[in-house]
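Student: Give me a 3D structure for the following:
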Amino acid sequence: MAERAMDRDRTLAQKLALLFGATFLLVGILGFIPGITSDYGDMAFAGEGSDAKLLGIFEVSILHNIVHMLFGVGILMARTHESAKNYLLWGGVLYAILFLYGLFVGDDDSANFVPMNNADDVLHAILAAGLLGSYFASKRADDRVGDRGTAGAT
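Tutor: Predicted coordinates for the structure are as follows:
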């Protein structure tokens, strides 16, 4: 019963930051599990030389998996409305930058330090849109709720 009350008290931004954070943490952990990550033995710490692929699609490295787990900070950022909004906004901006970076850096380029392939580029665009869309959707929810609810609370 207490969980439902706590869930009702969360704003849209907090719920979305929690969802994104938990998803990123899970993906980071899955990147270290052989079988879920193909060519696991070929995983490098960083760089384009890592041939491991999460779900056989997305190039990963130890650094890439760690970055995913660090984005799990959304779980903590979901504690307050303002920090959740900041997570959605700046996470979206960072993923937009990663998407643009992936467009200009080739799969085999030495500047491809995370590593990324075309599937990662598409996913980064989707994540940027999802995070930024979540930020703007939560701002609209703030406008609708106004001072009546917790959406404006910090």
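Student: Going along the chain, name the helices of this structure.
Tutor: All helices of the chain, identified by DSSP state H, fall at 2-9, 12-30, 62-70, 74-77, 81-104, 118-145.
Student: and those helices as a markdown table, adding mean neighbour count, mean pLDDT and distance to residue 37?
Tutor: For glycine as for every other residue, the C-beta is placed from the backbone atoms N, C-alpha and C. Listed next are the helices of the chain as a markdown table, based on neighbours: other CB atoms under 10 Å; pLDDT from 0 to 100; distance: least, CB to CB, whole Å:
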| stretch | mean neighbour count | mean pLDDT | distance to residue 37 |
| --- | --- | --- | --- |
| helix 2-9 | 9 | 58 | 33 |
| helix 12-30 | 20 | 96 | 7 |
| helix 62-70 | 17 | 93 | 9 |
| helix 74-77 | 20 | 96 | 22 |
| helix 81-104 | 19 | 94 | 20 |
| helix 118-145 | 17 | 87 | 14 |
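Student: Take those and lay them out in JSON lines including distance to residue 36.
Tutor: What follows is the helices of the chain, written out as JSON lines (distance: least, CB to CB, whole Å):
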{"stretch": "helix 2-9", "distance to residue 36": "29"}
{"stretch": "helix 12-30", "distance to residue 36": "5"}
{"stretch": "helix 62-70", "distance to residue 36": "11"}
{"stretch": "helix 74-77", "distance to residue 36": "21"}
{"stretch": "helix 81-104", "distance to residue 36": "22"}
{"stretch": "helix 118-145", "distance to residue 36": "15"}
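Student: which residues touch residue 24?
Tutor: Neighbour list for residue 24: 68, 69, 71, 72, 74 [criterion: CB atoms under 8 Å, 6 or more residues apart in numbering].
Student: List the residues that contact the second one.
Tutor: If I follow you right, that is residue 69. Shown in contact with residue 69 (CB under 8 Å, 6+ apart): 24, 25, 28, 29.
Student: on that earlier part again, how about the helices of the chain, which one is nearest residue 46?
Tutor: Closest approach to residue 46 among these is made by helix 62-70 (4.1 Å; CB to CB).
Student: roughly how far is that closest one from the heart of the chain?
Tutor: Offset of helix 62-70 from its chain centre (CA atoms, centre = their mean, to the nearest Å): 10 Å.
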